[in-house]
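K.L.:
prediction below, plus the sequence it came from.
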Amino acid sequence: MLTNIKYAPLQDLSVSNRCEPLKEQTIDFCERVVRPHSAQVRTAAKMPSQLLDSLKSTGWLGMLIEKQYGGLGLDCLHRVMNVEYLARECPDLGAILQIAQLGTGSIIEFGSEAQKRAWLPSLASGERICTIAITEEHSGSHVLGMSTTYEHRKGGVILNGEKWFIGNCGISNLHVVYARAKDERQISGFIVDGNQSGIDNSEPHNQTGLKSFPLGKLKLNNVFVPEENILGTLGDGLRMAYYVIGHHGRPSLTGLALGIHHRILDLAYTFAMERQLYGKPISDLPDVRSKLFEIYTQYEQSRHVAYEAAHKMSIGDNAYRPLSLAKYLSGEYACRSATSASEVFGARAGLQEFEIAQLSLDAMMTRPPSGTGDVQKKRIMDDIFSPKHHQVQDNTLQRGAA
Ligand SMILES: Cc1cc2nc3c(=O)[nH]c(=O)nc-3n(C[C@H](O)[C@H](O)[C@H](O)COP(=O)(O)OP(=O)(O)OC[C@H]3O[C@@H](n4cnc5c(N)ncnc54)[C@H](O)[C@@H]3O)c2cc1C
């Protein structure tokens, strides 16, 4: 992979200068540790356990966890750049890193002091990997439509239901599960120890994009959750879920989409400079240049919006709309650039070793989580035209920023 050719991103934005050391560390880790496994990850549809162990040893799974709980205590912008540069080398590993921070984010934001002390150190070290379990077969975007239930029992609750499309499912041993009270609408969040009986996280989805990313079903059959593992206040789950989706999910997904986009950019420019036709590289052809221009400008636009949004979040500004916009643009533009790149590669776009078809599927997978493109548009427009609609998020944001 060429990293110093002229298309390389414009000089980093001033807001991101403070993240340079982490960016350099991430690039170094990718070159030394990840690259030897990259081809295997792309073709085998399974993440090598050795690579997962190496990721755990970086401490990046605890990026946002405060130092007092064993984490790195870094902010949202660090997270976006870290995920981007890891995903640029290996999208599937980037996906594992980004999704791990959502369940963890729920505990950081809403956990009691005792819960933080109980769970965050093992999440920071990678001893535990936590999922966030919201989606179900019949309630994707419609979070309130979920049918996983909790019922009160002596000393806690029992959970029953089935969650779909749960990231890191097969490699996790802790879950933040959102469920509704039986026969009521109110939703609550629960920290569920993966070793508890009645949990089955073994069924994968066999997706075509991000093939080595463990995406699967989480089945809960009379799973007992003790009172001390209720997250926040009972009945406050919708607000908590929206906050975590908006302020942890969207920036993480943005980093993932940027990383995939960055790889498409790298590969397209390298290919166009190497492929010779008419006795010269195809990068000399105006139409090919036009495609390369589209990829470059789309990447730069996504990156600027993403870093700015993550910076706002890092300094405690209201970042709800910028993060939604960043999530929307990064996924949308990564998909468009994959299409442009497929033109540049001609028939080779479909050959496994050129990666473009796979990256196109990978980019597609970044769009549904934390809100599909259309849901993102709706959220942004609602925020502009009827901000009261977002009282749930705004109240939480004030609380979170306090
Ligand atoms: C890679 C990946 C990782 C994921 N990880 C997790 C995870 O860790 N935990 C988890 O809980 N879930 C996870 N998900 C699931 C993800 O959150 C859902 O895919 C997402 O919420 C959309 O739900 P759906 O796929 O069922 O689509 P649907 O909600 O069925 O949407 C179908 C279509 O209807 C449109 N639509 C729906 N509602 C509206 C609306 N109100 N306005 C306009 N259009 C609308 C959508 O835009 C879309 O075009 C993951 C998904 C993927 C692909």
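P.N.:
That came through fine.
K.L.:
only C-alpha atoms from now on, for both contacts and neighbour counts.
P.N.:
Noted.
K.L.:
does residue 362 really touch residue 91, like I thought?
P.N.:
Yes: if you go by Cα atoms under 8 Å, residue 362 and residue 91 touch, sitting 7.3 Å apart.
K.L.:
what do those two both touch?
P.N.:
Shared contacts of residue 362 and residue 91, defined by Cα atoms under 8 Å, 6 or more residues apart in numbering, comprise 210, 260.
K.L.:
who has more neighbours out of these two?
P.N.:
residue 91 (32 against 26; other Cα atoms under 10 Å).
K.L.:
ok, for residue 361, nearest residue in space, not its chain neighbours?
P.N.:
residue 209 (4.4 Å; Cα to Cα, 6 or more residues apart in numbering).
K.L.:
tell me which residues touch residue 69, please.
P.N.:
Residue 69 touches 116-117, 120-121, 124, counting by Cα under 8 Å, 6+ apart.
K.L.:
show me just the buried residues among the residues you listed.
P.N.:
By neighbour count, with 16 or more other Cα atoms under 10 Å, these hold 116, 120-121, 124 as buried.
K.L.:
ok, back up a step: would you mind giving the contacts of residue 69 as CSV with pLDDT, distance to the ligand and secondary structure added?
P.N.:
Formatted as CSV, the contacts of residue 69 follow (pLDDT from 0 to 100; distance: Cα to the nearest ligand atom, whole Å; DSSP: H, G, I helix; E, B strand; the rest coil):
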residue, pLDDT, distance to the ligand, secondary structure
116, 98, 20, helix
117, 98, 23, helix
120, 98, 18, helix
121, 98, 21, helix
124, 97, 18, helix
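K.L.:
quick one: which of those residues is nearest residue 338?
P.N.:
residue 124 (34.0 Å; Cα to Cα).
K.L.:
let's verify residue 152: helix, strand, or coil?
P.N.:
strand (DSSP: H, G, I helix; E, B strand; the rest coil).
K.L.:
any idea what the residue nearest to it when sequence neighbours are not counted is bridged to?
P.N.:
In this structure, residue 152 finds its nearest non-sequential neighbour in residue 158, 6.6 Å apart by Cα to Cα, 6+ apart. Residue 158 has these beta-bridge partners by DSSP bridges: residue 151, residue 224.
K.L.:
then the one 5 residues further on?
P.N.:
Residue 163 has the following beta-bridge partners by DSSP bridges: residue 218.
K.L.:
quick check, it in contact with residue 217.
P.N.:
Yes: contact criterion Cα under 8 Å: residue 163 and residue 217 qualify, at 5.5 Å.
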